[in-house]
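*Asks:* Turn this into a structure:
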Amino acid sequence: MPKNSNKKKNKRGKRRINDMKESATSGRSKASKHGEYHTMEEERKESKAEKSLWRPGVDRMEEGEQLDYDPSTYITYHDISMEWPCLSIDVIRDPLGIHRTKFPMELFLVAGSQAAQASQNKVYLMKVSNIQKTYDENEMEEEDPEEPEYEQPNVDVKSFKHDGGINRIRVMPQAANIIATMSDTKNVHLWDTQNLLTALDFSSSAAHPASSKPLHTFSGHSTEGFALDWSPTVPGRLLTGDCSKYVYLWEKRESGWVIDKTPYNGHTDSVEDIQWSPVEKDVFATCSVDKTVRIWDTRRRKSSMLFVAAHQMDVNVISWNTNKPHLMLSGSDDGSFKVWDLRKFKSSLPSGHFTYHRGPITSIQWHPTEEAMLAVASADNQLSIWDLALEDEVDSKSIGANANVSEIPPQLLFVHQGQQNVKELRFHPQIPGVIISTAQSGLNIFKPCNL
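*Replies:* Here you go, the predicted structure:
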């Protein structure tokens, strides 16, 4: 597990993972300069000093200070290195049950690479087992509380070659073996990965194909894209959107998939993200570089039903609340995210506007079961977790009456660091509180102490 953080921040390319940097970790602790010990007088002065919160991206590091991982802030935290950086990941639903809380844990993931050369790209299917707690207050050794010993998880990987870098990857919710990929070659592929999943499930060492032919390939997009979403209500229904502003609808038939060649046309610039309504089979939402969020009916292709000028810069990502379907999130290049009440969508006034992050929002998602909880990833190398149900209350006794808490939103629950250039996050729908995130340095699997 990495211990020291990299203080330098990287500038984010619009979508690509550009270069590999050393990974960082969350938390902050003071280190004595040049290994010197503090005198008793210095310690007394420090004990009387006003306590304050260190704010990532705001407060500077002083000479001799470094970021340090605090194990007590996580129930579990694991860092997984990948052969190549992965721009997109998804959770593969498994038959192991819902609301799983017991350790050790096991989960299945899929990831798509952004390799140095197009021919080196792969789709990775992973079984991560023996996920142990990395902090247990009852088992911590007093003499070395910051470095508990724990078993590393077992990571079994099956992969197959993919033509071009993978911009987005999604698993069909009704069939875990069907995976869709959007490539930087402009093509969209569907894959049947049942043989690989079977090999992972039984930890088989049997040979598996180094390459696989897709079930279906669509070459109708005129440019590459990043918008991709399976319908949660109609099995096999898929939407794909590209950088030339067009959205295409896929329908599952007995003979395979059929794509209507007439696209949905309403945006004036690149479609960045797509989300199906969690309850209405013919309704979906899109966001765009044209700064708008639009609501569509699949039966109406020439224009959207509703739209708002959502942000002052590109709208990168959206998320539809599965527990309260009238709520939607949007995240922008301006570093802010907004909460929208679709019952008041025409007013163009968000129900909430949060400006905590200092870089473009790269991923956002509502919690699958907690209606007011969400997670946000940003190009400022932070992944934040929020509970919008929290009220504006501050315990001044615990952090100092004059502490610098005014800029910390009361709804902010947790800030995860340690990854450079975080690109996507996913809540695990079957393991409450567990988040998987992907960045140029690899994957993180973690559960904060307060979730």
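*Asks:* rest of the way, CA atoms for contacts and neighbours
*Replies:* Fine.
*Asks:* In the stretch 301-450 of the chain, what residue spans correspond to strands?
*Replies:* 306-309, 315-320, 327-332, 337-341, 352-354, 361-366, 373-378, 383-387, 412-416, 424-427, 435-439, 442-448 (DSSP state E, counting those that start in this stretch).
*Asks:* quick one: which of those is nearest Asp156?
*Replies:* Set against Asp156 and scored by C-alpha to C-alpha, the strands of the stretch 301-450 of the chain come closest in strand 442-448, at 14.1 Å.
*Asks:* partners of that closest one, with directions?
*Replies:* strand 74-80 (antiparallel), strand 435-439 (antiparallel) (DSSP bridges).
*Asks:* List the contacts of the helix or strand just after the longest one.
*Replies:* Per DSSP states H and E, strand 74-80 leads on to strand 86-92 as the next helix or strand towards the C-terminus. Strand 86-92 is contacted from outside by 16-17, 107-114, 166-171, 176, 423-426, 428, 437-440, 442, using C-alpha atoms under 8 Å, 6 or more residues apart in numbering.
*Asks:* at 7 Å instead, please
*Replies:* 108-114, 167-171, 176, 423-424, 426, 428, 438-440 (C-alpha atoms under 7 Å, 6 or more residues apart in numbering).
*Asks:* Repeat that for stretch 328-336.
*Replies:* Contact with stretch 328-336 is made by 311, 313-321, 337-341, 354-361, 364, as judged by C-alpha under 7 Å, 6+ apart.
*Asks:* next one: stretch 227-243
*Replies:* By C-alpha under 7 Å, 6+ apart, the surrounding residues in contact with stretch 227-243 are 168, 170, 172-174, 221, 223-226, 247-252, 269-276, 278-279, 281.
*Asks:* quick revisit: among the strands paired with strand 442-448, show me which one is buried the most.
*Replies:* Highest mean neighbour count of those: strand 435-439, a mean of 23 (counted as mean count of other C-alpha atoms under 10 Å).
*Asks:* how distant is that one from the center of its chain?
*Replies:* Relative to its parent chain, strand 435-439 has a centroid offset of 5 Å by C-alpha atoms, centre = their mean, to the nearest Å.
*Asks:* how about it as CSV, C-alpha atoms only?
*Replies:* Taking Å, rounded to 0.1, in the frame of the first residue of the first chain, the C-alpha atoms of strand 435-439 are listed here in CSV:
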residue,chain,number,x,y,z
ILE,A,435,-16.8,2.0,-4.2
ILE,A,436,-14.5,1.1,-7.1
SER,A,437,-12.6,3.8,-8.9
THR,A,438,-10.2,3.8,-11.9
ALA,A,439,-7.4,6.2,-12.6
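*Asks:* Could you give the number of residues near Pro410?
*Replies:* Using other C-alpha atoms under 10 Å as the criterion, Pro410 is surrounded by 17 other residues.
*Asks:* Model confidence score at it, please.
*Replies:* With respect to pLDDT, Pro410 scores 93.
*Asks:* can you check Thr193 too?
*Replies:* Looking at Thr193, its pLDDT reads 95.
*Asks:* what's near enough to touch Cys287?
*Replies:* By C-alpha under 7 Å, 6+ apart, the contact set of Cys287 is Val271, Glu272, Asp273, Ile274, Val293, Arg294, Val315, Asn316, Val317, Ile318.
*Asks:* Repeat that for Ile179.
*Replies:* By C-alpha under 7 Å, 6+ apart, the residues touching Ile179 are Arg170, Val171, Met172, Leu190, Trp191, Asp192.
*Asks:* So what are the sheet partners of the one helix or strand the fourth one maps to and their directions?
*Replies:* This means Leu190. Per DSSP H and E: Leu190 is located in strand 188-192. When sheet partners are counted by DSSP bridges, strand 188-192 sits next to strand 178-183 (antiparallel), strand 216-218 (antiparallel).
*Asks:* Mind putting these into JSON lines with distance to Tyr77?
*Replies:* JSON lines is the format used below for the strands paired with strand 188-192 (distance: least, C-alpha to C-alpha, whole Å):
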{"stretch": "strand 178-183", "distance to Tyr77": "27"}
{"stretch": "strand 216-218", "distance to Tyr77": "37"}
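*Asks:* which of the ones you listed sits most buried?
*Replies:* Stretch with highest mean neighbour count among the strands paired with strand 188-192: strand 178-183 (a mean of 24; mean count of other C-alpha under 10 Å).
*Asks:* That one vs strand 86-92, what angle?
*Replies:* Inter-element angle recorded for strand 178-183 and strand 86-92: 170 degrees (by axes from the mean of the first three to the mean of the last three C-alpha atoms, to 10 degrees).
*Asks:* so how far is strand 178-183 off the chain centroid?
*Replies:* Distance, centroid of strand 178-183 to centroid of chain: 17 Å (C-alpha atoms, centre = their mean).
*Asks:* What average pLDDT does it get?
*Replies:* The predicted model gives strand 178-183 an average pLDDT of 98.
*Asks:* Report the secondary structure element holding Leu197.
*Replies:* Using DSSP H and E, Leu197 sits within helix 194-201.
*Asks:* quick one: that helix to strand 86-92, angle?
*Replies:* Angle of helix 194-201 versus strand 86-92, following the same axes, to 10 degrees, is 80 degrees.
*Asks:* For helix 194-201, which outside residues touch it?
*Replies:* Lys127, Asp156, Lys158, Asn177.
*Asks:* Of these, grab the buried ones for ChimeraX.
*Replies:* Paste this into ChimeraX to select the buried members of the contacts of helix 194-201, with burial taken from 16 or more other C-alpha atoms under 10 Å:
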select :127,156,158,177
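*Asks:* Widest-spaced pair of the contacts of helix 194-201?
*Replies:* Farthest-apart pair in these is Asp156 and Asn177; separation 16.8 Å (C-alpha to C-alpha).
*Asks:* that older thread, what subset of the contacts of stretch 328-336 is buried?
*Replies:* With neighbours counted by 16+ other C-alpha under 10 Å, those contain buried members at 311, 313-321, 337-341, 357-361, 364.
*Asks:* Can you give me the distance of the residue nearest to Met328 when sequence neighbours are not counted to Ser183?
*Replies:* Nearest residue to Met328 in three dimensions, chain neighbours excluded: Trp320, at 4.6 Å (C-alpha to C-alpha, 6 or more residues apart in numbering). Distance, Trp320 to Ser183, using C-alpha to C-alpha, to the nearest Å: 24 Å.
*Asks:* same question, Thr322
*Replies:* Per C-alpha to C-alpha, Thr322 is found 28 Å from Ser183.
*Asks:* For the strands of the stretch 301-450 of the chain, give me TSV that also has distance to Arg237.
*Replies:* Converted to TSV, the strands of the stretch 301-450 of the chain look like this (distance: least, C-alpha to C-alpha, whole Å):
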stretch	distance to Arg237
strand 306-309	22
strand 315-320	17
strand 327-332	21
strand 337-341	25
strand 352-354	31
strand 361-366	21
strand 373-378	26
strand 383-387	31
strand 412-416	34
strand 424-427	21
strand 435-439	25
strand 442-448	29
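*Asks:* Out of those strands, which is closest to Ile98?
*Replies:* Taking C-alpha to C-alpha, strand 424-427 is the member of the strands of the stretch 301-450 of the chain nearest to Ile98, at 13.1 Å.
*Asks:* Please consider this matter closed, and thank you.
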